[in-house]
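Q: This is a predicted model, with the sequence first.
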Amino acid sequence: MKDPSRSSTSPSIISEDVIINGHSHEDDNPFAEYMWMENEEEFNRQASFLLKQLLFIAQIEEELWEEEFIERCFQEMLEEEEEHEWFIPARDLPQTMDQIQDQFNDLVISDSSSLEDLVVKSNLNPNAKEFVPGVKYLNI
């Protein structure tokens, strides 16, 4: 048997729960959610300002990442220098003329007969033109 309170053709509705087109009857303005469009220029100005701030923050963050990367590279370079023995002028260069003369004497080429042998065995053309940078030579 049917309940007589539910037998009516129209549903029973409590007035507080009625929502039509997404708005309850209690709302004074059914277009309240679109009221921001009234001040669209101000909204666009604020959105543009926020976008510029976000871009600025992203740029600063990128610069900080670059600085950190460069700092890590320098730190790695310093660690490598500590690991290896590098050329240190104060330690490795001779300090006196006698030391310089001794090193220069060590660099002297052996006797002239070996130099002549080197020239005789050379594959270079002694009749070739002298090379001048920037000048093109035509083979005729």
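A: That came in fine, so what should we check first?
Q: Could you list the low-confidence segments of the protein?
A: For the chain, residues meeting the criterion pLDDT under 70 lie at 1-27, 94, 108-115, 137-140.
Q: so after the longest helix belonging to it, what's the next helix or strand?
A: The longest helix of the chain (DSSP state H) is helix 40-83. Remark: after helix 40-83, the chain's next helix or strand is helix 89-92, criterion DSSP states H and E.
Q: can you give me phi and psi for residue 96?
A: Residue 96 adopts backbone torsions of phi -120, psi 160, taken as degrees, to the nearest 10.
Q: Give me the neighbour count for it.
A: 8 (other C-beta atoms under 10 Å). The C-beta positions use only the backbone N, C-alpha and C, and glycine is treated the same way.
Q: Next one: it from residue 39, what distance?
A: Going from residue 96 to residue 39 by C-beta to C-beta, to the nearest Å gives 85 Å.
Q: Please report the distance of residue 63 from residue 34.
A: In this view, residue 63 and residue 34 are 41 Å apart by C-beta to C-beta.
Q: Same question for residue 78.
A: Separation of residue 78 from residue 34 (C-beta to C-beta): 62 Å.
Q: Report how many residues lie close to residue 30.
A: Number of residues near residue 30 (other C-beta under 10 Å) recorded here: 13.
Q: whoops, residue 76 was the one
A: When neighbours are counted by other C-beta under 10 Å, residue 76 registers 10.
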